[in-house]
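Undergrad: What follows is a predicted structure for the sequence shown.
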Amino acid sequence: MHQVTLPVLGTAAAWREAARAALGHRIPPERIDWRFGNADAGLFEGAPLPPGDKPVKVSKAFVELADTVVWHRDPERFARLYRMLWRLRTMPGLLSDPADPEVAKLRTMEKNVRRCMHKMKAFVRFRDLRRDGPRRSFAAWFEPTHHSLEPTAPFFARRFADMDWMIATPEVTAVFEDGRLSFREGAPRPDLPEDATEDLWGTYFRNIFNPTRVKVQAMTSEMPRKYWKNMPEARHIPDLLATAEARVREMAEAAPTLPPLRSERIRERLAAPRVQARMTFEELHARAAEENAQDLPGYGRLVMGEGPPDARLMVVGEQPGDVEDRIGRPFVGPAGQMFDACAAAAGMDRGTVYVTNAVKRFKYEMRGKRRLHQSPSAGDIEHARWWLTREIELIRPRLILALGGTAAETLTGARKNLLKRRGTVEDTAAGPVFVSVHPAFILRLPDAAAKECERLRFTADLAAAREMAEGD
Amino acid sequence: MIGQRAEQYKNIMARLDLTRKLAILSDAARYDASCASSGTSRRDSRDGKGLGSTEGSGICHAYAPDGRCISLLKILMTNFCIYDCAYCVNRVSSNVPRARFTVDEVVTLTLEFYRRNYIEGLFLSSGIIRSPDATMADMVEIARRLRVEENFRGYIHLKTIPDAAPELIEEAGLHADRLSINVELPTDASVRAYAPEKDPGTIRKAMGEVRGHREARKEPSFSGKRPPKFAPAGQSTQMIVGADGATDATILGNATRLYGDYRLKRVYYSAFSPIPDASAKLPLVQPPLVREHRLYQADWLLRFYGFRVEEITAARTDGNLDLDLDPKLAWALENRHLFPVDPQRAEREMLLRVPGFGTKTVNRILTTRRHRTLRYDDLARMGAAMKKAAPFVTLRDWTPGALTDSAALRARFAPKPQQLQLL
């Protein structure tokens, strides 16, 4: 019979070493008596393990399991782990069978330890020691269910690295000073100074509680009573529960009150100045000029819309092209000319509509000396939305005509199925939106007959939109 | 001597003042359900130059007797508000006491609570004062102070004000882990009725903008460098349940659209609960807690179990969920022709639909059945709730026989009739 006594500090490493030696010598589980700390020696002193450190291969999954289970409170944990290790020699796939009773038991123990570690991360409460020095120092007393401090302490070191701290438990104390973490065997509960912040925390705890939805079980299943004695907020729980019902009754019985005087004034002010609060056209153009003073690589300048401020119809295209960017006006390039021609055929006077683009800047890539057009990205579209919204607020058109996918996406939220949706009016936050194709789409059609056909359809769309916007 | 006394007195008054403000402004914040602190980018302070860490999973540092997790310091910057939303305790026409934190106070409270391991970070919301932009600017300043000046690496959740300028929302997303905008009520009509100053279109547009920012930051720039992350823990929203007449089908349909359109991380359902100095417009009744719970269960089925809204809400004709049974069990009872299922052979999609099987249990079944034949006790050990699952599965050593189709099956699961409380 062999006897192995594992230390309270560094248990995991010590168990691993012992298990490796035992397995290397093929010592069967029933011939090892595992002990922990300075527990009473048994009736019979067993022999220590024979020396020697032959390499033993085990799966990573088992190492992870063992590294957690060694911290369990169960005195049988070391023997159980070693039995599993022994079985794994002949059944290497055993751990992936969660239905095996021994595996299931170890998995449960693993879960218990993990839960205990998690609760320690949650429920440790530091007190300010108010020591002088370059670093602030804090200390806590905690009573974990399992031997969880050693595996959990690195978490606190990652989180509270700019201060010194100490966590004392009945068995082990973790100390973090000047960035170094160390452990020593436990001491009796230290006398920690009062910390006034605990009262503030208690105030928060009392007030975040909603007395109309008491669910004691939900609380105690996640925050069991055994932890309460070391948590400053827990002392408020009995009182909160005792008064909850009365508080709810009071709320229900209270007569409705008259709104405070200021309420009426605020609401009047809120209802009135909506129109005034808007930017004027001058302000909007001034802001665009301000932005245009700076160069944005890969982008042209902000090209604002144009047209009379009382236009009934607003036409929204995609984005300025090379020509528009150089001239600084919308709808003057090839697609703009196509639009003008169709508009004239549809009886629409360009002087009476407000034309603008969904995206305000020409986006390009330099190819040699040419600026090659680039489609706007989702980010470009989002950025431009603010400008278009201001224009819509100022013009307040009866109808908005969205030309092409980008305009449709900005205004209606969707660019899909454009050809199916063309010619229809959709109700949006910006008002009614008439959807049609972009004139550049017609320009790009290779077949002359198809081009003519689309030209006619586009002209018909423009005529329909004009009628809707101008009719009474 | 007198000077020292005066100094002490001033300190005590300042503290009392802070205590009172904290009481008012946390009381006002308790109706926001979200307290998640998980799923953001991993950070720590091992370099010794900052404070805090986030490691994937969130931590609930305490639980209030209402069963809700306390993970973040959830406060309002101010509960002064110029809006008049009927369901809200802070509406302009309410007589609750008002207070306002300074930027310094919020920063100090957050850091001092964090250092004592009370919280994972800050959840900051606010009433609307002066204008949406002014309010949002103050909130962004708090987040900036914490991140940039104090090197705080814990979690920050900012409630975004939908009407605020896009530049402010953009800066908020650079400092915060999560942004959220509440849709408030399940339908546009009820938002207009109960929150007259709020516009459902503006709320949705703001959510769309946040989504746009998040996606734009995911594309690396031409130099291959990744732009700084934008709200890495995503955006969420909250709907109040039980204040208007919306059915569960409407609520879940709306939630599904929100998940799809704006890639929300979470939709929170908050049972409408009586508030102090309530508006006469809304009834003061017990909050529908069971309904809220069923909605969360249904939400999970939609997101992780492959159910569609129509399937979940088909069990009853009025478009509401069955309050007595969880939605998966209710669905299974209506679709008994698909059962019993053989866990040894069934496909993943079908296993996910067995009552009592969670996603983890299903994964375990799929790995284990490659090795061996599953028995009743095996399933229990793998985490299946066999009391629920037994009538719906067949195994080598278990067959439900006529149980699956028995007329009394529903009664087996429905809660027993309860005696009314005497007091």
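TA: Nice, I can see it. Numbers count the residues shown, from 1 in each chain, chains lettered A, B, ... in the order given.
Undergrad: Give me the buried positions along stretch B:25-41.
TA: Judged by neighbour count (16 or more other CB atoms under 10 Å in any protein chain shown), stretch B:25-41 contains these buried residues: B:25-40. Glycine gets a C-beta too; all of them are placed from N, C-alpha and C.
Undergrad: just how off-centre is stretch A:234-247 within its chain?
TA: Shown here is stretch A:234-247, whose average C-alpha point lies 34 Å from the average C-alpha point of the whole chain (CA atoms, centre = their mean, to the nearest Å).
Undergrad: Now that stretch: average pLDDT?
TA: In this model, stretch A:234-247 has a mean pLDDT of 93.
Undergrad: Report the buried residues of it.
TA: If you call a residue buried by 16+ other CB under 10 Å, then stretch A:234-247 has these buried ones: A:234, A:236-237, A:240, A:244.
Undergrad: Setting aside sequence neighbours, what's the nearest residue to A:G431?
TA: Excluding the flanking residues, the one nearest A:G431 by CB to CB, 6 or more residues apart in numbering or on different chains is A:I400, at 6.3 Å.
Undergrad: Against A:L284, how distant is the one you found?
TA: Relative to A:L284, A:I400 is positioned 17 Å away (CB to CB, to the nearest Å).
Undergrad: Mean pLDDT per helix and strand in chain B: which one sits at the bottom?
TA: The helix or strand with the lowest mean pLDDT-type score in chain B, counting by mean pLDDT, DSSP states H and E, is helix B:2-27 (a mean of 73).
Undergrad: Check which helices and strands the next helix or strand after that one sits against.
TA: With elements assigned by DSSP states H and E, the helix or strand that comes after helix B:2-27 is strand B:62-63. Helices and strands touching strand B:62-63, as assessed by 3 or more CB pairs under 8 Å, 6 or more residues apart in numbering or on different chains; DSSP states H and E, comprise helix A:216-222, strand B:69-70.
Undergrad: in its sheet, what does the last one sit against?
TA: Spelled out, that is strand B:69-70. Each strand that strand B:69-70 pairs with, and the sense of that pairing, follows from DSSP bridges: strand B:62-63 (antiparallel).
Undergrad: Need the contact partners of the partner strand.
TA: Strand B:62-63 is contacted from outside by A:122-123, A:205, A:218-219, A:222-223, A:231, A:233, B:69-70, B:118, using CB atoms under 8 Å, 6 or more residues apart in numbering or on different chains.
Undergrad: Now stretch B:318-330: buried residues?
TA: Applying a neighbour-count criterion of 16+ other CB under 10 Å, one finds B:320-322, B:325-330 buried in stretch B:318-330.
Undergrad: Now go through those and say which are in helices.
TA: Judged by DSSP state H, the subset of those located in helices is B:327-330.
Undergrad: how about these in a markdown table, adding pLDDT and distance to chain A?
TA: Formatted as a markdown table, these follow (pLDDT from 0 to 100; distance: CB to the nearest CB, whole Å):
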| residue | pLDDT | distance to chain A |
| --- | --- | --- |
| B:P327 | 93 | 19 |
| B:K328 | 94 | 21 |
| B:L329 | 93 | 21 |
| B:A330 | 92 | 22 |
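Undergrad: can you pull the contacts of B:D326?
TA: Taking CB under 8 Å, 6+ apart as the criterion, B:D326 is in contact with B:294, B:297, B:355.
Undergrad: what residues go with each domain of the chain?
TA: If you meant another chain, say so; for now it's chain A. When chain A is parsed with automatic domain parsing, its domains come out as A:2-119, A:124-185, A:197-253, A:296-470.
Undergrad: meant chain B actually
TA: According to the domain assignment given by automatic domain parsing, chain B is divided into the following structural domains: B:29-287, B:327-413.
Undergrad: So which of those is the most surrounded?
TA: domain B:29-287 (a mean of 20; mean count of other CB atoms under 10 Å in any protein chain shown).
Undergrad: what's the next secondary structure element after the lowest-mean-pLDDT helix or strand in chain A?
TA: Across the helices and strands of chain A, the lowest-confidence element by mean pLDDT, DSSP H and E is helix A:274-277, at a mean of 47. Helices and strands here follow DSSP H and E; after helix A:274-277, the next one along the chain is helix A:281-292.
Undergrad: dump the residue contacts of residue 389.
TA: Picked chain A for this. By CB under 8 Å, 6+ apart, the contact set of A:T389 is A:A430.
Undergrad: should've been chain B
TA: By CB under 8 Å, 6+ apart, the neighbours of B:A389 are B:354-357, B:379.
Undergrad: Now do it, the pLDDT please.
TA: For B:A389, the predicted pLDDT is 93.
Undergrad: Low-confidence regions, the chain specifically.
TA: All of this is about chain A. Within chain A, the set of residues satisfying pLDDT under 70 comprises A:39-45, A:52-53, A:255-256, A:270-278, A:472.
Undergrad: oops, chain B please
TA: In the predicted model of chain B, residues B:1-16, B:220-222, B:224, B:283-284, B:418-423 satisfy pLDDT under 70.
Undergrad: now do 80
TA: Applying pLDDT under 80 to the predicted model, the residue ranges of chain B that meet it are B:1-16, B:130, B:218-227, B:273-287, B:315, B:416-423.
Undergrad: quick one, strands of it?
TA: Listed in chain order, the strands of chain B (DSSP state E) span residues B:62-63, B:69-70, B:72-76, B:121-125, B:155-159, B:178-180, B:235-241, B:266-271.
Undergrad: burial of the residue of the stretch 1-150 of chain A found nearest chain B, as a residue count?
TA: Using CB to the nearest CB, A:A99 is the residue of the stretch 1-150 of chain A that sits closest to chain B, at 3.5 Å. Around A:A99 sit 21 other residues, with neighbours defined as other CB atoms under 10 Å in any protein chain shown.
Undergrad: quick one, what contacts it?
TA: Contact criterion CB under 8 Å, 6+ apart gives B:368, B:372, B:374-375, B:377-378, B:381-382 as the residues in contact with A:A99.
Undergrad: Setting the sequence-adjacent residues aside, check what's closest to the residue of the stretch 201-350 of chain A found nearest chain B.
TA: For the stretch 201-350 of chain A and chain B, the shortest gap (CB to the nearest CB) falls at A:A218, measuring 2.7 Å. For A:A218, the nearest residue in space outside its immediate sequence neighbours is B:G67; the separation is 2.7 Å by CB to CB, 6+ apart.
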